[in-house]
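Asker: The sequence isn't on hand, but the structure is:
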């Protein structure tokens, strides 16, 4: 791997891992010593493989887990790119119209002896206010971004943000399904590798992307330490749907927990894929229609006084 590794940071990391393994350190400990460069589930999978003597099989399951996770992320990102681009284009177009175009129409209509429509007067008032306070608006936005970034870096703020996102209509449900799929796939992969449930829960909590759910799952690990079932521990989080809890309960009762967790992950992946496709089918025409209405409304406000002036001259 070192001979073919082109990335400088990973090459340095792999070299450090090799030296540690040469000195007698376990492979899992060598990778864990590299900190955040590798996901926690990698070191945990290696521990499970070392304990069970089936390191190759555990690594194969880990690779499959990473592939499925990345595929789902790519679908989510690709689904969000088009709406984000449209929204940015619409906001940019509105900014250009308000700052550059409307003031020119205001000067043009000064020579017309006509009463401007309310929509035109409103847009001109907004344009005047924005141009007159443009510096203050930019400073206020910069200050808001700085404060927001500073607050986001504080400990615990990420949990608050992710908890808020989970409560959003429709989007929150999608994020909850993705986090549930991550949790179940991580648990399934680690349990299949032979890792104890308590350790698997701790690693799974650190591997979930949504920080609110990760914190809730991490807080539920004491239930496993006390000897309670996984269903009871997951139910205490208040984050999972009843269907998920029932399927986990069936898996525990039948002794097929790993397979059931994989089935839950597959179910939510398919559901998420279907919902993303439906959302994109609806969002694209809605955004295009909204963009067309905004532009048409502004153009109407610009040219309506001109039409009225022409009508008055013809009379």
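Answerer: Done, it's in. What you see is a predicted model, and the numbers here were worked out from it, not measured in a lab. Residues are numbered from 1 along each chain as shown.
Asker: Give me the contact list for the helix or strand of the chain with the lowest mean pLDDT.
Answerer: Counting by mean pLDDT, DSSP states H and E, the chain has its least confident helix or strand at helix 102-108, which shows a mean of 73. Applying CB atoms under 8 Å, 6 or more residues apart in numbering, the contact partners of helix 102-108 are 123, 124, 127, 128, 131, 302. All C-beta spots, glycine's among them, are computed from the backbone N, C-alpha and C.
Asker: next one: that helix to chain centre, how far?
Answerer: Put simply, helix 102-108 sits 42 Å off its chain's centre (CA atoms, centre = their mean, to the nearest Å).
Asker: Enumerate the positions of that helix that are buried.
Answerer: By neighbour count on 16 or more other CB atoms under 10 Å, the buried set for helix 102-108 is 102, 105, 106.
Asker: just stretch 169-180 next, same as before
Answerer: In stretch 169-180, counting by 16+ other CB under 10 Å, buried: 174, 175, 176, 177, 178, 179, 180.
Asker: Let's see which of those end up in helices.
Answerer: 174, 175, 176, 177, 178, 179, 180 (DSSP state H).
Asker: Just give the nearest non-adjacent residue to the third one, would you?
Answerer: In space, and not counting its chain neighbours, residue 176 is closest to residue 166: 5.6 Å by CB to CB, 6 or more residues apart in numbering.
Asker: Distance-wise, check the one you found relative to residue 255.
Answerer: Counting by CB to CB, to the nearest Å, the gap from residue 166 to residue 255 is 32 Å.
Asker: Neighbour count: the two, which is higher?
Answerer: Taking other CB atoms under 10 Å, residue 166 and residue 255 do not tie; residue 166 has more neighbours (18 against 9).
Asker: what sits against that one?
Answerer: With CB under 8 Å, 6+ apart, residue 166 has these contacts: 172, 175, 176, 210, 212, 213, 239.
Asker: just to revisit the earlier point, counting neighbours, which of the contacts of helix 102-108 comes out on top?
Answerer: residue 123 (22 neighbours).
Asker: Mind giving me the packing neighbours of the host helix or strand of that residue?
Answerer: Using DSSP states H and E, residue 123 falls within helix 118-132. Applying 3 or more CB pairs under 8 Å, 6 or more residues apart in numbering; DSSP states H and E, one finds that helix 118-132 makes contact with helix 102-108, helix 257-314.
Asker: Who are the packing partners of the helix or strand that comes right after that helix?
Answerer: Following helix 118-132 in sequence order, the next helix or strand is helix 134-152 (DSSP H and E). Packing partners of helix 134-152 (3+ CB pairs under 8 Å, 6+ apart): helix 157-166.
Asker: coming back round to it: distance from the helix holding residue 123 to the middle of the chain?
Answerer: Taking CA atoms, centre = their mean, the mean C-alpha location of helix 118-132 is offset from the chain mean by 37 Å.
Asker: re earlier: could you dump the contacts of helix 102-108 into CSV and include pLDDT and distance to residue 290?
Answerer: Formatted as CSV, the contacts of helix 102-108 follow (pLDDT from 0 to 100; distance: CB to CB, whole Å):
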residue, pLDDT, distance to residue 290
123, 78, 17
124, 79, 23
127, 80, 21
128, 80, 25
131, 78, 25
302, 74, 19
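Asker: Need the max-distance pair from these.
Answerer: Based on CB to CB, the longest span within these runs between 131 and 302 and measures 16.3 Å.
Asker: So what are the structural domains in the chain, by residue number?
Answerer: The chain breaks down by automatic domain parsing into domains covering 8-65, 68-315.
Asker: Mind putting the ones you listed into TSV with distance to residue 1?
Answerer: TSV is the format used below for the domains of the chain (distance: least, CB to CB, whole Å):
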stretch	distance to residue 1
domain 8-65	6
domain 68-315	20
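Asker: quick revisit: considering the helices and strands packed on helix 118-132, which stretch scores lowest in mean pLDDT?
Answerer: The weakest mean pLDDT among the helices and strands packed on helix 118-132 belongs to helix 102-108, with a mean of 73.
Asker: re the thing from before, how near is the residue nearest to residue 176 to residue 264?
Answerer: 18 Å.
Asker: Please apply the same query to residue 36.
Answerer: 28 Å.
Asker: Excluding residues flanking it in the chain, which one is nearest residue 151?
Answerer: residue 157 (5.5 Å).
Asker: can you check residue 130 too?
Answerer: That would be residue 98: by CB to CB, 6+ apart, it lies 5.5 Å from residue 130.
Asker: Quick one: residues contacting the residue nearest to residue 300 when sequence neighbours are not counted.
Answerer: Distance criterion CB to CB, 6+ apart; nearest residue to residue 300, sequence neighbours excluded, is residue 119 at 7.3 Å. Applying CB under 8 Å, 6+ apart, we find residue 119 in contact with 297, 300, 301, 304.
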